[in-house]
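> just a sequence and a predicted model for now, questions to come.
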Amino acid sequence: MFIILALVISSIKALCIPSYRSTDFEVHRNWLAITHSLPVNKWYYEDTSEWTLDYPPFFAWFEWVLSKVAYYIDPAMLQLENLNYASNATVVFQRCSVIFTDLLLVYAVKECCLCRKFFGVDSKRQPPEQSLLKDAGFVVAVLLLGNFGLFLVDHIHFQYNGFLFGVLMLSVARILQGRILESAFWFSVLLNLKHIYIYMAPAYFIFLLKHYCFTQFKNGRVVYSSIQPMRLLQLGLVVAFVFAASFGPFLAMGQLNQVLMRLFPFRRGLCHAYWAPNFWALYNFADKLAALAGTKLQFLDSSVLSKSSMTAGLVQEYSHTVLPSVTPAVTFACTVLSILPSLIHLWIQPSNERTFLRCLVSCAFGSFIFGWHVHEKAILLIIIPLSLLAVGSRADAKVFLLLAFIGHYSLFPLIFTQAETMIKVFMFLFYAMFANASLSTLHKMNPRWCGMPLLNVWELIYIMGIFPLDIYCSLGHRALGLMERLPFVPLMLTSVYCAVGICYAWLRFYKISLSNTTVKIHDE
């Protein structure tokens, strides 16, 4: 059944080959050209295109490997001067490369599904014939392999997130299997493929240190005298080896500072062009309202409205008018403070694989809600690992279902073409309905009139608000003739509405993650 599921999902991805693609398609084509045409010492200096190489070295080598195959498909795509080149062969190759590299995710999910005890399933007692919606392994496979966000971002918008999440899930699977050093190796590889995952590193550090380098515990706290120096050395060597292989050549060439400047461009603004639905979206919105109210009440000069206009955001920068401006240091402090309680809880309380995953998700939540220049696609860093928790715990399933609706809906502005609208809406509804039906069945929730027993009435009303919001943003705003005067309003409304739900989900999840570590599977 797993193989059939993977083949069906891959076939659906293949149908999207001719669909809309974003500028990220050209980004990755340019990276193919850079790594193929130039020596290594020029990779992080090349700037013929505005889409310069700004991923860690391992991803650059990943592009280099792909370029060796691309040469036999269409050599013209590997020429640096061929900006925005998109021949049919190039499109098919790049689309298929995403589908092919997703095989790593397929393998990683298969490994996770084998850890049935984590989901509270005893394979010896499980009936041989039962509904697929009661099969925890099947539900996990669909939620991960068929994730709507990955489908939208990778196979329409265009990126390689499936491959990257494959590495993450393989690392998680190794923890579930007790293979700690392998988990550390794969997560280190992931950090050198895409550095956004660095926000998850504190959870890994605490868990691996606690459960691999110490052997005795008292009430969940480590007995410091039980530290195993050789194990600590082994763990450190594994991580150091991966980073040395990645950054070592650039350190030897005296280019480490250049690489780091590309990886961490703090010159960008607080928010991306489309505000990620986080705390700073609400902060920006409050600033706009304060500026508007201030001018109406004549506390502020009307000229400030030009600074706080409704076109701000389309150019990736937004200057605050009334509220204090936010610096990278402020966002970093907020992020650290938001994840610190979960890290302390993981260290001093009895912990297991479930509490590790909850801490991992808490770190992803904190970085998304308070991070600097967060992309809306980063919501997947929360949803993907939360999928594993949702199958094994009713409390986690409630948070996951909220995000399956509101988190995935926040990605809608990425795909704005009419041809893909029906695909986007259908896949979104199918995934959300499957998540609701499967998790409700798995956790034995009694059906209610709303058909969503995992949500309370207020959460349901909030979720239903997505539909009139989408109708207004897609049709109503333009029909009222407001697009030219207030072009950013539909994006702002979507961001702010989703930010409310995501911040609520974060607070609800925080309560769960700081609760007792011992949980009763499927019956919390």
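Alright, I've got the coordinates.
> where does the stretch 401-524 of the chain have low pLDDT?
Across the stretch 401-524 of the chain, the stretches falling below the confidence threshold (pLDDT under 70) are 447-450, 516-524.
> actually the stretch 101-250 of the chain, not the one I wrote
120-130.
> one more time with 80, if that's ok
119-131, 133, 220 (pLDDT under 80).
> all helices of it, in order?
103-113, 136-145, 148-152, 161-176, 180-191, 201-213, 229-252 (DSSP state H, counting those that start in this stretch).
> repeat for the stretch 301-450 of the chain
Counting by DSSP H, counting those that start in this stretch, residue ranges of the helices within the stretch 301-450 of the chain are 304-307, 328-348, 353-370, 380-392, 394-409, 421-442.
> switch these over to a markdown table; also include mean neighbour count and distance to Gly465.
From N, CA and C alone the C-beta is placed, and that goes for glycine too. A markdown table is the format used below for the helices of the stretch 301-450 of the chain (neighbours: other C-beta atoms under 10 Å; distance: least, C-beta to C-beta, whole Å):
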| stretch | mean neighbour count | distance to Gly465 |
| --- | --- | --- |
| helix 304-307 | 14 | 28 |
| helix 328-348 | 17 | 26 |
| helix 353-370 | 25 | 20 |
| helix 380-392 | 26 | 20 |
| helix 394-409 | 24 | 10 |
| helix 421-442 | 18 | 14 |
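> please identify which of those is closest to Leu181.
Shortest distance between Leu181 and the helices of the stretch 301-450 of the chain, using C-beta to C-beta, is found for helix 353-370: 15.6 Å.
> please compute how far that closest one lies from its chain's middle.
For helix 353-370, the separation from the chain centroid amounts to 11 Å (computed by C-alpha atoms, centre = their mean, to the nearest Å).
> just want the angle from that helix to helix 394-409.
Interaxial angle, helix 353-370 versus helix 394-409 (axes from the mean of the first three to the mean of the last three C-alpha atoms, to 10 degrees): 30 degrees.
> begin at 81 from now on, thanks
Let's use 81 as the start, then, which means that last one is helix 433-450.
> just the angle for helix 433-450 relative to helix 281-293, thanks.
160 degrees.
> gap between the spatially closest residue to Gly226 that is not a sequence neighbour and Phe323?
Leaving aside its sequence neighbours, Gly226 sits nearest to Ile89 (C-beta to C-beta, 6 or more residues apart in numbering; 5.5 Å). From Ile89 over to Phe323 the distance is 34 Å, taken as C-beta to C-beta, to the nearest Å.
> between these two, which is the more surrounded one?
Between Ile89 and Phe323, Ile89 has the larger neighbour count (other C-beta atoms under 10 Å), namely 20 against 16.
> the more buried one against Leu225, yeah?
Yes: counting by C-beta atoms under 8 Å, Ile89 does reach Leu225; the two are 5.2 Å apart.
> what secondary structure does the residue of the chain most remote from its centre sit in?
Residue farthest from the centre of the chain, counting by C-alpha atoms, centre = their mean, is Gln378 at 43.0 Å. Recorded secondary structure, Gln378: coil (DSSP: H, G, I helix; E, B strand; the rest coil).
> phi, psi for it please.
When read as degrees, to the nearest 10, the backbone of Gln378 gives phi 60, psi 30.
> list the contacts of it.
Counting by C-beta atoms under 8 Å, 6 or more residues apart in numbering, Gln378 touches no other residue.
> what about it, distance to Leu369?
Distance from Gln378 to Leu369, by C-beta to C-beta: 16 Å.
> what's the local residue count around Ser211?
11.
> what of the one 5 residues further on?
With neighbours defined by other C-beta under 10 Å, the count for Ala216 comes to 20.
> quick one, phi/psi of Lys524?
Backbone torsions of Lys524, given as degrees, to the nearest 10, read phi 60, psi 50.
> run a quick neighbour tally on it.
With other C-beta under 10 Å as criterion, Lys524 counts 11.
> same check on Thr401?
21.
> quick check: it touching Ala370?
Yes: contact criterion C-beta under 8 Å: Thr401 and Ala370 qualify, at 7.4 Å.
> picking up where we left off before, in a markdown table, list the helices of the stretch 181-330 of the chain along with distance to Ala409.
Compiled in a markdown table, the helices of the stretch 181-330 of the chain are given as follows (distance: least, C-beta to C-beta, whole Å):
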| stretch | distance to Ala409 |
| --- | --- |
| helix 183-193 | 36 |
| helix 216-225 | 36 |
| helix 228-232 | 30 |
| helix 241-256 | 28 |
| helix 260-271 | 22 |
| helix 281-293 | 18 |
| helix 309-332 | 25 |
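> of the ones you listed, which is nearest Val580?
helix 228-232 (19.1 Å).
> contacting residues around stretch 489-502?
Taking C-beta under 8 Å, 6+ apart as the rule, stretch 489-502 contacts 99-100, 102, 229, 232-233, 236-237, 354, 356-357, 456-457, 459, 504, 508, 546, 550, 554, 570-571, 574-575, 578, 582.
> select only the buried ones of the residues you listed in PyMOL?
Burial among those is assessed by 16 or more other C-beta atoms under 10 Å; the matching PyMOL selection reads:
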select buried, resi 99+100+229+232+233+236+237+354+356+357+456+457+459+504+508+546+550+554+570+571+574+575+578+582
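> nearest to Ala515, out of the helices of the stretch 181-330 of the chain?
helix 216-225 (6.4 Å).
> elements contacting the closest one?
The helices and strands touching helix 216-225, judged by 3 or more C-beta pairs under 8 Å, 6 or more residues apart in numbering; DSSP states H and E, are helix 82-94, helix 183-193, helix 460-472, helix 501-522.
> I'd like the ones you listed as CSV, with distance to Gln314 appended.
Shown next, in CSV, are the helices and strands packed on helix 216-225 (distance: least, C-beta to C-beta, whole Å):
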stretch, distance to Gln314
helix 82-94, 33
helix 183-193, 22
helix 460-472, 25
helix 501-522, 38
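> of all the ones you listed, which one comes closest to Ala484?
helix 501-522 (4.4 Å).
> quick one: name whatever helix or strand follows the closest one.
Next along the chain after helix 501-522, taking DSSP states H and E as the criterion, comes helix 537-544.
> quick one, that next one and helix 474-489 angle?
Using the same axes, to 10 degrees: helix 537-544 against helix 474-489 is 20 degrees.
> buried stuff in helix 537-544?
Buried positions in helix 537-544, judged by neighbour count with 16+ other C-beta under 10 Å: 539-540, 542-543.
> just give the nearest non-adjacent residue to Arg109, would you?
Closest residue in space to Arg109, ignoring its immediate chain neighbours: Met157 at 5.7 Å, by C-beta to C-beta, 6+ apart.
> now the one you found: how far from His235?
19 Å.
> kindly report the same for Ala188.
18 Å.
> again, but for Val339
Taking C-beta to C-beta, one finds Val339 at 30 Å from His235.
> what number of residues are in the vicinity of the closest residue to Met81 other than its chain neighbours?
In this structure, Met81 finds its nearest non-sequential neighbour in Phe218, 6.5 Å apart by C-beta to C-beta, 6+ apart. Neighbours of Phe218 under the rule other C-beta under 10 Å: 19.
> does Phe218 really touch Val189, like I thought?
No: assessed by C-beta under 8 Å, Phe218 is found out of contact with Val189, at 11.1 Å.
> the residue nearest to Ala444 when sequence neighbours are not counted: what's it in contact with?
Nearest non-adjacent residue to Ala444, counting by C-beta to C-beta, 6+ apart: Leu461, 4.1 Å away. By C-beta under 8 Å, 6+ apart, the contact set of Leu461 is 276-277, 279-280, 444, 447-448.
> closest one of the residues you listed to Thr415?
Ser447 (5.6 Å).
> surely that closest one touches Pro282?
No: if you go by C-beta under 8 Å, Ser447 and Pro282 don't touch, sitting 10.1 Å apart.
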